[in-house]
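K.L.:
Sequence plus the predicted model coming up.
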There are 2 protein chains.
Amino acid sequence: MSDAHAIRRARLKDRCTAAGSATALVTRPANVRYLSGAAPANAVLLVGTDEDVLICPHPPEDRPDDTLRVHVLPTEAGDPAVAAADFLLAQGIDTLAVEEHHLTVARHRAIHSVAPHLYLNDLACTVEQLRIVKDEEEIAALRTAAEIADQALGELLESILVGRTERHLALELERRLVDHGADGAAFPTSVATGPHAGARGHRPTDRRVEEGDFLSVCLGATYRGYRCEIGRTFVIGTAPADWQIDLYDAVFAAQRAGREALAPGVAYRDVDRAARQALEAAGWSEGLPALMGHGVGLEIEEDPQLAPAAMGKLDACVPVTVEPGVHLPGRGGVRIDDTLVVRPEADGGPELLTITTKELLAL
Amino acid sequence: MSDAHAIRRARLKDRCTAAGSATALVTRPANVRYLSGAAPANAVLLVGTDEDVLICPHPPEDRPDDTLRVHVLPTEAGDPAVAAADFLLAQGIDTLAVEEHHLTVARHRAIHSVAPHLYLNDLACTVEQLRIVKDEEEIAALRTAAEIADQALGELLESILVGRTERHLALELERRLVDHGADGAAFPTSVATGPHAGARGHRPTDRRVEEGDFLSVCLGATYRGYRCEIGRTFVIGTAPADWQIDLYDAVFAAQRAGREALAPGVAYRDVDRAARQALEAAGWSEGLPALMGHGVGLEIEEDPQLAPAAMGKLDACVPVTVEPGVHLPGRGGVRIDDTLVVRPEADGGPELLTITTKELLAL
């Protein structure tokens, strides 16, 4: 990956130069990792000086990219971002772009106080923007992450579920993710039964799975730093009730509409609208989620947001989730969530990474 | 706990008034939780207006304190910190203390742009300072957290360890923490075998436990938000080698010296020195950790730091870890870690929360 990281840094430098600041200080950990191949705790990356330098408070455990200089600070040296400013002063650099959406006011002041003549401007979300379109190596990592999540979920479906708590099911899924080679869970696994089912981001409780419940599960694996997401809803035991079938069909249709809307050049908000309108057409307009999907990568929620007010259009090689859901307070609900990669029609259209069936299974 | 939170907010207001700013905006999640009893995602707390207000981007799952007004923002309303500024303008308030060590430059600018005449000054770590000394309800939560961690560790010691990987042992410990009633792990469980043993914060790998290994384990439970920590080192299978006994004895003596140094009025750095000098006296002066312990509470690493350059003195009712260790690259090492509460001599001296034996067990 060393070439890949150097290429990414070169693209960042081009953007910085165009914006009038040749040097950038990257502090947000996922951005540091994206540009250097490693994110030692509290490390910062200085791009655009003679050499790119990763400044670390401790010797890094993971080896970053070979094309990068690694500078390990002495113990008790303080904030690496301040050390970076010192470094620039020594090189006579007078302008530095910083990530104002990540850097705290206190750190910004500390940089200013060691380097009062260094002009600090805003790098803004330049690195996050670069991260939206993935290269094939990144997509391969996401594909493996999705396979792991599919395997963990598949094994759970073969086990007995009635009587087990949400918390235990979530822990078992996380263990299975690691068993199958994940670095860890991509986010806290959500298992929601009965009245909890369908609620986005539900935190597992001690409620036990009961006959007749909806059970919705949302999990993801991290593989080589890349995070995917899959969500499915099942019914437990008996044949589903009519209201369960109707609700499931509506969410399924909405999720399919969202998936089918994914193509290069399509506006983010139009993907949201495709899924949202399908739900509304089926009579579900209350309590819909604020977004119908989002980008994934080194973080589980990245740009773009597939939301009503989102600005921008999809590109090829952008991995996103499509995850509509309906939650009826007191009764439960349905969520269906896939990770897909946007691909042009000529390449077969969107690539589905999470392949577990979306039929309504009665377990 | 509602009275407790109102009392804490009253103490914060006293400090703010003394510092010249009657109103404070608390953004750091652990601080929000400390003062309100809940920390809904991205919620901010405004203290010192007519009423204290918790401003939340979504309806909170956990009920905060009754003495607090909860204001839920409409969907897409943006940053609650900016909404807070709007709120102050309506009340004619002209000065606001913010947590500059937590608030990003971008959020600070956004507040300034909606309220250009609002003077923003620095609350600094005022809330973190208030959090250092715990009340008995907080200590009770830590005591339960420590019992849970002791139970999880005790059960692991009764199982067969040889041949199992660090990752699996860590996952099993985390499952046991939840089984015994923890909200979750207080931090990522560390299991370190053979050459990894004794390294602080070691991330579990696929290395398997072997006969003759040192095995060091560091885990903690979160209970009602409060986080404890315990670390122990064992030898596997056979009787320990002489070098293992010598190293263990040295770390044990250092840890005891640190524990015995804990008393109200003792300088933080003197606790560090007590443990550090014991290691140095035994001939271990290379590769010692940067600190010999730290505060615990709503976060696993809080003030105070028990480190050579730390300023300040212990008070009664301050829970801290004492955790010296020695790691010999390529050979392994020993760490022993307890959570204790500082108590005056008259009350029996330091209260040990993590009671698992510190004898060198051969498992």
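P.N.:
Sure, I can see it. Numbers count the residues shown, from 1 in each chain, chains lettered A, B, ... in the order given.

K.L.:
what's the spacing between A:Asn31 and chain B?
P.N.:
To chain B, A:Asn31 is 14 Å away according to C-beta to the nearest C-beta, to the nearest Å. C-betas here are computed from N, CA, C, even on glycine.

K.L.:
How about the contacts made by that residue?
P.N.:
A:Asn31 is in contact with A:45, A:99, A:102, A:127-128, A:131, counting by C-beta atoms under 8 Å, 6 or more residues apart in numbering or on different chains.

K.L.:
Sort out which of those are buried, if you could.
P.N.:
Taking 16 or more other C-beta atoms under 10 Å in any protein chain shown as the criterion, what is buried in those is A:45, A:99, A:102, A:127-128, A:131.

K.L.:
so which of those residues comes closest to chain B?
P.N.:
A:His102 (6.1 Å; C-beta to the nearest C-beta).

K.L.:
Can you report phi and psi for the closest residue to that closest one other than its chain neighbours?
P.N.:
If the residues on either side of it in the chain are set aside, A:His102 comes closest to A:Arg28, at 4.1 Å by C-beta to C-beta, 6 or more residues apart in numbering or on different chains. Dihedral pair for A:Arg28: phi -70, psi 130, per degrees, to the nearest 10.

K.L.:
you'd agree A:Tyr96 is in a strand?
P.N.:
Slight slip there: residue A:96 is Leu, not Tyr. Yes - judged by DSSP: H, G, I helix; E, B strand; the rest coil, A:Leu96 forms part of a strand.

K.L.:
For the stretch 101-250 of chain A, which segments count as helices?
P.N.:
A:105-114, A:126-132, A:136-157, A:166-179, A:242-261 (DSSP state H, counting those that start in this stretch).

K.L.:
and chain A, which residues reach chain B?
P.N.:
With C-beta under 8 Å from any C-beta of the partner chain as the criterion, chain A meets chain B at residues A:61, A:75-76, A:98, A:100-106, A:108-109, A:122, A:167-168, A:171, A:174-175, A:178, A:203, A:290, A:309.

K.L.:
out of the residues you listed, which are buried?
P.N.:
A:98, A:100-106, A:108, A:122, A:167-168, A:171, A:174-175, A:178, A:203.

K.L.:
What sits closest to A:Pro40 if chain neighbours are left out?
P.N.:
A:Pro60 (3.9 Å).

K.L.:
which helices and strands sit right next to the strand or helix carrying A:Glu280?
P.N.:
Take DSSP states H and E as the rule and A:Glu280 turns out to sit in helix A:268-281. Here helix A:268-281 touches helix A:242-261, strand A:293-295, strand A:302-306, strand A:319-322, going by 3 or more C-beta pairs under 8 Å, 6 or more residues apart in numbering or on different chains; DSSP states H and E.

K.L.:
How far off centre is that helix?
P.N.:
21 Å (C-alpha atoms, centre = their mean, to the nearest Å).

K.L.:
Also stretch A:101-109?
P.N.:
With C-alpha atoms, centre = their mean, you get 24 Å for stretch A:101-109.

K.L.:
And for stretch A:88-99?
P.N.:
With C-alpha atoms, centre = their mean, you get 31 Å for stretch A:88-99.

K.L.:
buried residues in that stretch?
P.N.:
For stretch A:88-99, using 16+ other C-beta under 10 Å, the buried residues are A:88, A:93, A:95-99.

K.L.:
again, but for stretch A:152-166
P.N.:
For stretch A:152-166, using 16+ other C-beta under 10 Å, the buried residues are A:152-153, A:156, A:161, A:164-166.

K.L.:
avg pLDDT for that stretch?
P.N.:
Averaged over stretch A:152-166, pLDDT sits at 94.

K.L.:
Surely A:Pro319 touches A:His294?
P.N.:
No - the criterion here is C-beta atoms under 8 Å, and A:Pro319 misses it with A:His294 at 10.0 Å.

K.L.:
Neighbour count: these two, which is higher?
P.N.:
A:Pro319 (27 against 21; other C-beta atoms under 10 Å in any protein chain shown).

K.L.:
Next up, the contacts around the more buried one.
P.N.:
Contacts of A:Pro319 (C-beta under 8 Å, 6+ apart): A:134, A:139, A:142, A:228, A:295-297, A:339-342, A:353.

K.L.:
And for A:Asp50?
P.N.:
A:Asp50 neighbours (C-beta under 8 Å, 6+ apart): A:Gln91.

K.L.:
May I have the secondary structure class of it?
P.N.:
coil.

K.L.:
how much space between A:Asp52 and A:Ile355?
P.N.:
To A:Ile355, A:Asp52 is 39 Å away according to C-beta to C-beta, to the nearest Å.

K.L.:
returning to what we had before: neighbour-wise, which of the contacts of A:Pro319 leads?
P.N.:
Neighbour counts for these peak at A:Cys228, which has 30 neighbours (criterion: other C-beta under 10 Å).

K.L.:
How about the contacts made by that one?
P.N.:
Counting by C-beta under 8 Å, 6+ apart, A:Cys228 has contacts A:142, A:145-146, A:149, A:186, A:220-221, A:296, A:319, A:339, A:353-354.

K.L.:
wait, which of the residues you listed is closest to B:Leu363?
P.N.:
Nearest to B:Leu363 out of these is A:Ala221 (C-beta to C-beta; 31.8 Å).

K.L.:
Who are the contact partners of that closest one?
P.N.:
Here A:Ala221 is in contact with A:145-146, A:148-149, A:152, A:177, A:180, A:182-186, A:227-228 (C-beta under 8 Å, 6+ apart).

K.L.:
and these as CSV, adding distance to A:Glu211?
P.N.:
Shown next, in CSV, are the contacts of A:Ala221 (distance: C-beta to C-beta, whole Å):
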residue, distance to A:Glu211
A:Ala145, 33
A:Ala146, 31
A:Ile148, 30
A:Ala149, 27
A:Ala152, 24
A:Leu177, 28
A:His180, 30
A:Ala182, 32
A:Asp183, 36
A:Gly184, 33
A:Ala185, 28
A:Ala186, 31
A:Arg227, 34
A:Cys228, 31
